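**Q** this is the structure alone, sequence omitted:
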């Protein structure tokens, strides 16, 4: 590993042929200093980032690639969306999406290794792919990146070039939990027994679920990600202290980052492990909680598109639904508001008119109630959705549509 300045890094990048593809740490761990060096040195290149936040280069000549769209790419005309389950993204690097550069955001070295810290995810596979092609591995080594254990630990010998920084990691905006989120969280928590294994998605509803579980005991975590809600469970003694907390990426407050640093109870593993449905299914009482934009009377969920425009992507939802359903005592829960406040429409609809993200959940939970789906006929599923999950103002309309669809 050779430590260089951003200016020296620009010279290295400018010497690369063609329009190289760079895979960079995503979510709230994007290495902005080295990304800026790449952008300043290249008229054209491809940038592959998961759940990109705002502030990425977005101009002609930069192709923004991802299988999971974040706010930093969502409305960009440069977006190239690659539909894929998160567990299969590493396969892209070995086939249709070869990698020329990997841009990592890491800790500073400890005992000859750095850690990818809060963002492991698809990055080990990207490093392996770029090594196979003779490409570059570049690290933005940050004294404030937590050192986490697992698949994100990397020998300094595996890094070609590094830039040193000392700056806080960004945190997502803090949103107070409203009454509707808390109501949904309490209803979902009723599905979670003592000793269950948790997977939570991103957002207010998953946070509200965790806030409702502080009185449980022996809870385990096998989740694509977790955030500050885990701190409350830990403080309350609700977690199984004999079992490691497994995730693939993490983000949250500065308090969470301090808690993660050097914490051997947390294992941050590559996405091929965390999102493998077969490995998910091995967890006892796997409770998977995800959300959607819409759920229809056939139990199909759209969590990806609005008016045919990609909003996010599959993410790990499909992986965890399948894994949870195959876990002994597992449940796959879809949790959402019955009414979309900004669009002012029902989220329970007769038939989704966007591509389906997932289907066959155990139950759909809103602030109105919990509609059991698994094990019931399609007519019974529709009945449960209308009477127990839909907003009362649209139930009569949904009954009419159910009859037209042969569900009533």
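**A** Thanks, I have the structure now. Everything numeric here is computed off the predicted structure, so don't read it as measured data. Numbering: from 1, shown residues only.
**Q** report the contact partners of the residue nearest to residue 155 when sequence neighbours are not counted.
**A** Of all residues not flanking residue 155 in the chain, residue 113 sits nearest, at 5.6 Å (CB to CB, 6 or more residues apart in numbering). Every residue, glycine included, has its C-beta placed from N, CA and C. With contact set as CB atoms under 8 Å, 6 or more residues apart in numbering, residue 113 has these partners: 153-156.
**Q** can you get me the start-to-end distance on stretch 143-157?
**A** Terminal residues of stretch 143-157 lie 19 Å apart, using CA to CA, to the nearest Å.
**Q** report the buried residues of it.
**A** Buried residues in stretch 143-157, counted by 16 or more other CB atoms under 10 Å: 144-154.
**Q** so what's residue 389 up against?
**A** 295, 338, 348, 364-366, 368-371.
**Q** just put those residues in JSON lines and tack on neighbour count.
**A** Conversion of the contacts of residue 389 to JSON lines gives the following (neighbours: other CB atoms under 10 Å):
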{"residue": "295", "neighbour count": "30"}
{"residue": "338", "neighbour count": "23"}
{"residue": "348", "neighbour count": "25"}
{"residue": "364", "neighbour count": "27"}
{"residue": "365", "neighbour count": "31"}
{"residue": "366", "neighbour count": "26"}
{"residue": "368", "neighbour count": "20"}
{"residue": "369", "neighbour count": "17"}
{"residue": "370", "neighbour count": "19"}
{"residue": "371", "neighbour count": "26"}
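**Q** just the closest of those residues to residue 264, please.
**A** Set against residue 264, the nearest of the contacts of residue 389 by CB to CB is residue 365 (34.5 Å).
**Q** in three-state terms, label that closest one for me.
**A** Classification of residue 365 using DSSP: H, G, I helix; E, B strand; the rest coil returns strand.
**Q** what sits against it?
**A** When contacts are counted by CB under 8 Å, 6+ apart, residue 365 touches 184, 187-188, 191, 333-336, 371, 389.
**Q** do that again at 6 Å, thanks
**A** Residue 365 makes contact with 187-188, 333, 335, according to CB atoms under 6 Å, 6 or more residues apart in numbering.
**Q** can you give me the helices in the stretch 201-350 of the chain?
**A** Along the stretch 201-350 of the chain, counting by DSSP state H, counting those that start in this stretch, helices occupy 204-211, 229-235, 254-260, 271-274, 277-281, 317-325.
**Q** from the chain's centre, how far out does the last one sit?
**A** When you say that, I think you mean helix 317-325. Distance, stretch centre to chain centre, for helix 317-325: 14 Å (CA atoms, centre = their mean, to the nearest Å).
**Q** likewise the fifth one?
**A** Between the mean C-alpha point of helix 277-281 and the mean C-alpha point of its chain there is a distance of 17 Å (CA atoms, centre = their mean).
**Q** list the buried residues for it?
**A** By neighbour count on 16+ other CB under 10 Å, the buried set for helix 277-281 is 277, 279-281.
**Q** in strands only, show me the contacts of residue 389.
**A** Judged by DSSP state E, the contacts of residue 389 include 295, 348, 364-366, 369-371 as members of strands.
**Q** circling back to that earlier point, could you dump the helices of the stretch 201-350 of the chain to CSV with distance to residue 51 and mean pLDDT?
**A** Listed next are the helices of the stretch 201-350 of the chain as CSV, based on distance: least, CB to CB, whole Å; pLDDT from 0 to 100:
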stretch, distance to residue 51, mean pLDDT
helix 204-211, 15, 86
helix 229-235, 18, 94
helix 254-260, 17, 97
helix 271-274, 12, 96
helix 277-281, 20, 97
helix 317-325, 13, 95
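**Q** tabulate those helices (TSV), appending distance to residue 3.
**A** Listed next are the helices of the stretch 201-350 of the chain as TSV, based on distance: least, CB to CB, whole Å:
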stretch	distance to residue 3
helix 204-211	39
helix 229-235	34
helix 254-260	23
helix 271-274	29
helix 277-281	37
helix 317-325	38
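**Q** looking at the ones you listed, spot the one closest to residue 160.
**A** Nearest to residue 160, of all those, is helix 271-274, at 23.4 Å by CB to CB.
**Q** quick check: closest non-adjacent residue to residue 323.
**A** Excluding its sequence neighbours, the residue lying closest to residue 323 (CB to CB, 6+ apart) is residue 280, at 2.6 Å.
**Q** just residue 143 next, same as before
**A** residue 166 (4.3 Å).
**Q** go ahead and confirm that neighbour touches residue 141.
**A** No - using CB atoms under 6 Å, residue 166 makes no contact with residue 141, being 9.4 Å away.
**Q** can you show me the helices along the stretch 1-150 of the chain?
**A** Using DSSP H, counting those that start in this stretch, helices in the stretch 1-150 of the chain cover 6-14, 32-41, 89-94, 123-132.
**Q** please pick the buried ones from the contacts of residue 365.
**A** Buried members of the contacts of residue 365, counted by 16+ other CB under 10 Å: 187-188, 333, 335.
**Q** now the residues you listed in a markdown table, with pLDDT and distance to residue 383?
**A** Listed next are these as a markdown table, based on pLDDT from 0 to 100; distance: CB to CB, whole Å:
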| residue | pLDDT | distance to residue 383 |
| --- | --- | --- |
| 187 | 96 | 18 |
| 188 | 96 | 21 |
| 333 | 96 | 19 |
| 335 | 95 | 20 |
